[in-house]
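Engineer: sequence first, then the predicted structure, then my questions.
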Amino acid sequence: MPRRRTLSSALALTALTVSAVSFASPARADDIPKAPGHRLVDQYTGTPADARPLPGEQPPQHPHLAANGRSGMHADAAGSGTYPWNGPLGKKPEVGSEKMAALGGECATVTFDKAGRIVTVCGTFTGFLVKLLDPDTMDTLAEYKLPQRPSTVEAITRLDFSKIFKDTSGGAYSYLDDQDRLVLADSRQHIVRLAHEQTADGGWRFVVDKDWDLTAHVPHDCVSWTNLYPSGECDPVTSVMPDWEGRIWWVTRQGRVGTVDPKSGDIRSVRLEGEEIQNSFSVAEDGVSIVSDHALYSFRTTADGTPKAVWRQTYDRGTGTKPGSVNQGSGTTPDLFGQGDDDYVAITDNADDRMNVLVYRRGDDIADDKRLVCKVPVFGSGASTTDNSLISWGNSLVVENNYGYENITSLTFGRSVVGGASRIDVREDGSGCDPVWESDVRAPSNVPKLSTASGLLYFYTKEPNSLGIDAWYLTAVDFRTGETKWKRLAGTGIAYDNNWAPITLGPDGTAYVGVFNGLVAVRDAE
């Protein structure tokens, strides 16, 4: 991809961390290396698509988040996975990439400040890095190093790298607030709010705007280089999000749900005994929707900010963890959606034979036996699961099949997953749901996205290859019909494995994909 440089790339990357400030000189990382065979596979197939905007309204704008499409992994507070602008239409799409670390470097949550600069968190084996990137060149403008996660120390010392790949803590789920500050929970069980600002010499730096210590509420005897065999409990914080009143909600892997009042600093929490939370959660004006490995919850707070479950619905969690799931439970962040007078929330279950898409009514005054709108089985017998959020638009849902993917070693030597994606619509009268189409796209692990301006869904796909070439593609699918429109090669080899990261559509129409070694950008040349 031609690089539209605004800053010199001759400067080497330097990072100076002083107290609560992190500086970085403008720097360019290397392109992510392609494995052999990239010239033996198709670079592009299909034909460019015309933009066909979808009817409907964007989810409500959260008052304490950056604008919809700019704020976090799932694009907005409702978890819709939709963007109000175009992604690439397939018009001679060009590909660029940035390697963020010698080993690892995957950039999960990608957000955009008001000027379009990228604020992202990238995971390396030495610790997570918060980065400010030029959106055109992906050059690093500033960098802030977060503490190393306990799972990384465990993986290295005990030679069990699965602990890294199934760990959603440490800052992977973060959000950009309405003042362009990144909010995350680090591996010390602290919630940190980071601002970025320009320095006198024209450079950029991150500044810790606020730090809230949760350790009085969360067990924190965790593995570290100085504590290799802890005797106590460690409960990592997995995700943070604000509610409509501005409280910062947080959840932990072992089922703790809490809030922080950003003005007073007061912290409140409850425990879902015997339940695990590995996914993020969604927020609407009527409450906070959280899914554990046992049940779906709607939460609000009491007068002092303590979380209180308004309603709870159990689901079929199956008899074990499937290949393609992080734990024995739903792999989805709840989707909050609906048109007219009906407000819905959707997740998937973990039923043994076929996973089901579940849609519930969100109202407080609904009887438990009337809350479920539909239960729709998807994909093949014995080969269905997802560990990614659904896409919701209007009364439509799109679900992806991740069955068979475990980590970056799962699909080497030309292997792939059974794959599949399906669209399901809730009936206008709310009497049930109907399948609309099923696609055979093979998207092993990515968080897919939808451009409502173009009517295109975006997946990150991999087909089986008899020559053993591991080729990864950005693939565009028609939302209305499920037809694949075009595919563009992103790269080859493990370094381009997406490993649960999302696709993110930038305001300029670029599709960014987090991959194991960094970040890939695909944009139209015309």
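Structural biologist: Everything's here; your move. Numbers count the residues shown, from 1 in each chain.

Engineer: residues near Ile469, how many?
Structural biologist: 18 (other Cβ atoms under 10 Å). Heads up, the C-betas are built off the backbone N, CA and C, glycines and all.

Engineer: ditto for Phe165
Structural biologist: The local packing of Phe165 (other Cβ under 10 Å) involves 18 other residues.

Engineer: for the closest residue to it other than its chain neighbours, helix, strand, or coil?
Structural biologist: Sequence neighbours aside, Asn407 is the residue nearest to Phe165 in space, at 3.9 Å (criterion: Cβ to Cβ, 6 or more residues apart in numbering). At Asn407 the chain is in coil, as set by DSSP: H, G, I helix; E, B strand; the rest coil.

Engineer: OK, contacts around the residue nearest the centre of the chain?
Structural biologist: For the chain, the residue nearest the mean C-alpha position is Met73 (3.8 Å; Cα atoms, centre = their mean). Counting by Cβ atoms under 8 Å, 6 or more residues apart in numbering, Met73 touches Ala108, Thr109, Val110, Tyr173, Ser280, Val447, Pro502, Thr504.

Engineer: going by neighbour count, list what's buried in stretch 360-373.
Structural biologist: Tyr360, Arg361, Arg362, Gly363, Arg371, Val373 (16 or more other Cβ atoms under 10 Å).

Engineer: one step back: so which of the contacts of Met73 comes closest to Pro53?
Structural biologist: Nearest to Pro53 among those is Thr504, at 19.9 Å by Cβ to Cβ.

Engineer: re the thing from before, hmm, the residue nearest to Phe165 is touching Asp167, no?
Structural biologist: No - taking contacts as Cβ atoms under 8 Å, Asn407 lies outside contact range of Asp167: 11.3 Å.

Engineer: just for the stretch 151-300 of the chain, where's the confidence low?
Structural biologist: By pLDDT under 70, the low-scoring segments of the stretch 151-300 of the chain are 161-163, 166.

Engineer: so which residues of it form helices?
Structural biologist: For the stretch 151-300 of the chain, the helices defined by DSSP state H, counting those that start in this stretch cover 162-165.

Engineer: quick one: the strands in it, in order.
Structural biologist: Taking DSSP state E, counting those that start in this stretch as the test, the strands found in the stretch 151-300 of the chain are 175-176, 182-185, 190-198, 204-213, 237-242, 248-252, 256-260, 267-271, 282-284, 287-291, 295-301.

Engineer: ok, and what's touching the fourth one?
Structural biologist: Among residues not part of strand 204-213, those counted as contacts by Cβ under 8 Å, 6+ apart are 20-24, 130, 132, 141-144, 181, 189-199, 248, 260, 262, 265, 267.

Engineer: now the buried members of those residues.
Structural biologist: Neighbour-count burial (16+ other Cβ under 10 Å) applied to the contacts of strand 204-213 gives 22-24, 130, 132, 141-144, 181, 189-194, 196, 248, 260, 262, 267.

Engineer: quick one: find the helix or strand in this structure with the lowest mean pLDDT.
Structural biologist: strand 15-18 (a mean of 32; mean pLDDT, DSSP states H and E).

Engineer: how much space between Ala66 and Ser280?
Structural biologist: 16 Å (Cβ to Cβ, to the nearest Å).

Engineer: beta partners for Leu132?
Structural biologist: Going by DSSP bridges, Leu132 is paired in beta bridges with Val119, Ala142.

Engineer: give me the pLDDT value at Leu103.
Structural biologist: Leu103 carries a pLDDT value of 81.

Engineer: show me the contacts for the nearest residue to it once chain neighbours are set aside.
Structural biologist: What sits nearest to Leu103 in space, not counting adjacent residues and going by Cβ to Cβ, 6+ apart, is Phe125, at 5.0 Å. Contact analysis of Phe125 by Cβ under 8 Å, 6+ apart lists Ala101, Leu103, Gly104, Thr152, Ile156.

Engineer: give me the buried subset of those residues.
Structural biologist: Using 16+ other Cβ under 10 Å as the burial test, the contacts of Phe125 include Ala101, Gly104, Thr152 as buried.

Engineer: give the contact list for the nearest residue to the second one once chain neighbours are set aside.
Structural biologist: Looking back up the chat, that one is Gly104. Leaving aside its chain neighbours, Gly104 sits nearest to Thr124 (4.5 Å; criterion: Cβ to Cβ, 6+ apart). Residues near Thr124 by Cβ under 8 Å, 6+ apart: Met100, Ala101, Leu103, Gly104, Gly105.

Engineer: where's Thr124 relative to Lys131, distance?
Structural biologist: Using Cβ to Cβ, Thr124 is found at 11 Å from Lys131.

Engineer: what do those two both touch?
Structural biologist: Met100.

Engineer: okay, Arg3: pLDDT?
Structural biologist: Model confidence at Arg3, given as pLDDT, is 44.

Engineer: hmm, Gly79 is touching Ile391, no?
Structural biologist: No - counting by Cβ under 8 Å, Gly79 does not reach Ile391; the two are 9.3 Å apart.

Engineer: which neighbours do these two have in common?
Structural biologist: Residues touching both Gly79 and Ile391 (Cβ under 8 Å, 6+ apart) are Asp335.
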